[in-house]
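Student: please work out how this folds:
(2 chains)
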Amino acid sequence: MSVGPIENQIRRLRFERGEMTQEELARHCQVTRQTIIALEAGRYAPSLELAFRLAHALGVGVDDVFQYRR
Amino acid sequence: MPVLHPRNLPAGALGVVALYLMWLAPDRIYGIDSGALGSGILLATAWLVIWLWWRVRDAAAEYASLGQQLAALGLFFSIAIGISFASRLHASGWTLDAAAADAWKLGRNVLLMLILWPISAAILRSLRRDDGIEDERDRAIAARASAHAYAVLAIALVALVVQLGFGGVAFQALATPFSIAHWLIGLLLLATVAEHLSATLQYRSQQP
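Tutor: Sure, this is the predicted structure:
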């Protein structure tokens, strides 16, 4: 899913990390579940800090979660 | 959890009746002050809505974040106050006398809703205390909504100033200090509606 040129793999990575729920990921990242839903749907581009928190929670690097497509 | 769910219809109907009594009904119905009756029904409706929210709080939490719920609540109350304000001003020919009964009715209706609004918001926050965090998305939406409200306020204020300057003798005759004070409060209400409308639309646009 993408916001403009930014795509993310959050949904795929959640399922690869033992089917982590949106609620669990939200709690790890200290955001609301609706923010995770908006991110996965490509409707919201996170701040750099949240991008790092998401990557940390999913146990991967930021560039594994977010890709910039020109 | 859509707002137009059958379970919400009784509360919606009661709210419409209450607002009708407060804004549009004759001053007295069967000897009863319709404004006071409307205020009482609105108060009862607010409690009913809060109780319904409490019953479905888990489903509500699935559907909307606390920020989105507060934005929707703010939109409802700011529109209700705005309509109450505009309808009373319209009924009195866009000018008010400090001693007139209309001014006191307007003050009572607006005051009631200004009290109900923060109480409803506080109850909503307490219902969501376990997961009721406001995150960076809420803050970004609030910042954009404030910017939109500021733009609306600036445009409306310039329009009022132009009207005061070039509106002619007929308009200037209406512009007593008390009326101008109410028009300025009306502009603040307009900006508040714009802020909550912007926030609500932004939340809607980010939902899948």
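Student: wait, is A:E7 part of a helix?
Tutor: No - applying DSSP: H, G, I helix; E, B strand; the rest coil, one finds A:E7 to be strand, outside a helix.
Student: so what sits opposite it in the bridge?
Tutor: Residues in a beta bridge with A:E7, per DSSP bridges, are A:S2, A:Q67.
Student: tell me, how many residues neighbour it?
Tutor: Neighbourhood size, A:E7 [other Cβ atoms under 10 Å in any protein chain shown]: 14. Bear in mind the C-beta positions are built from the backbone N, C-alpha and C, glycine included.
Student: B:R204 now?
Tutor: By the criterion of other Cβ under 10 Å, B:R204 has 12 neighbours.
Student: any idea how far it is from B:S78?
Tutor: B:R204 is 17 Å from B:S78, where distance means Cβ to Cβ, to the nearest Å.
Student: cool, B:A71 as well?
Tutor: 10 Å.
Student: what about these two, which has more around it?
Tutor: Neighbours per residue (other Cβ under 10 Å) separate B:A71 from B:S78, with B:A71 holding more: 26 against 21.
Student: got the residues of chain A near chain B?
Tutor: Residues of chain A lying close to chain B (Cβ under 8 Å from any Cβ of the partner chain) are A:30-35, A:37-38, A:40-41, A:43-44, A:46-47, A:49-50.
Student: which of those residues fall in helices?
Tutor: A:33-35, A:37-38, A:40, A:49-50 (DSSP state H).
Student: for the nearest residue to A:R70 once chain neighbours are set aside, phi and psi?
Tutor: Leaving aside its sequence neighbours, A:R70 sits nearest to A:P5 (Cβ to Cβ, 6 or more residues apart in numbering or on different chains; 6.1 Å). Per-residue torsions, A:P5: phi -80, psi 0 (degrees, to the nearest 10).
Student: just checking, what packs against the host helix or strand of B:R144?
Tutor: Per DSSP states H and E, B:R144 falls inside helix B:136-166. Other elements packing on helix B:136-166 under the criterion 3 or more Cβ pairs under 8 Å, 6 or more residues apart in numbering or on different chains; DSSP states H and E are helix A:33-40, helix B:66-91, helix B:168-174, helix B:177-205.
Student: got a list of what B:A159 touches?
Tutor: Listed by Cβ atoms under 8 Å, 6 or more residues apart in numbering or on different chains, B:A159 has no contact partners.
Student: ok, back up a step: OK, contacts around the residue nearest to A:R70?
Tutor: A:68-70.
Student: related to what we said a few turns ago, which residues do B:A71 and B:S78 both contact?
Tutor: Shared contacts of B:A71 and B:S78, defined by Cβ under 8 Å, 6+ apart, comprise B:H196.
Student: quick check: pLDDT value at the residue sitting nearest the centre point of chain A.
Tutor: For chain A, the residue nearest the mean C-alpha position is A:I10 (4.1 Å; Cα atoms, centre = their mean). Looking at A:I10, its pLDDT reads 95.
Student: ditto for B:A199
Tutor: 96.
Student: ok, it - how many residues close by?
Tutor: 25.
Student: please report the distance of the residue nearest to A:R70 from B:V56.
Tutor: Using Cβ to Cβ, A:P5 is found at 39 Å from B:V56.
Student: B:E134 too?
Tutor: B:E134 is 21 Å from B:V56, by Cβ to Cβ.
Student: do the same with B:A36
Tutor: Distance, B:A36 to B:V56, by Cβ to Cβ: 31 Å.
Student: please apply the same query to A:A38.
Tutor: A:A38 is 22 Å from B:V56, by Cβ to Cβ.
Student: between these two, who's got more neighbours?
Tutor: Legend: neighbour count by other Cβ under 10 Å for A:A38 and B:V56, higher for A:A38 (24 against 15).
Student: with adjacent residues omitted, what lies nearest to that one?
Tutor: Leaving aside its chain neighbours, A:A38 sits nearest to A:Y44 (3.9 Å; criterion: Cβ to Cβ, 6+ apart).
Student: quick one, phi/psi of the one you found?
Tutor: Per degrees, to the nearest 10, the backbone of A:Y44 is at phi -140, psi 130.
Student: residues contacting it?
Tutor: A:3, A:35, A:38, B:137, B:206.
Student: go again with 10 Å.
Tutor: A:3, A:34-38, A:50, B:136-137, B:140-141, B:202, B:205-206 (Cβ atoms under 10 Å, 6 or more residues apart in numbering or on different chains).
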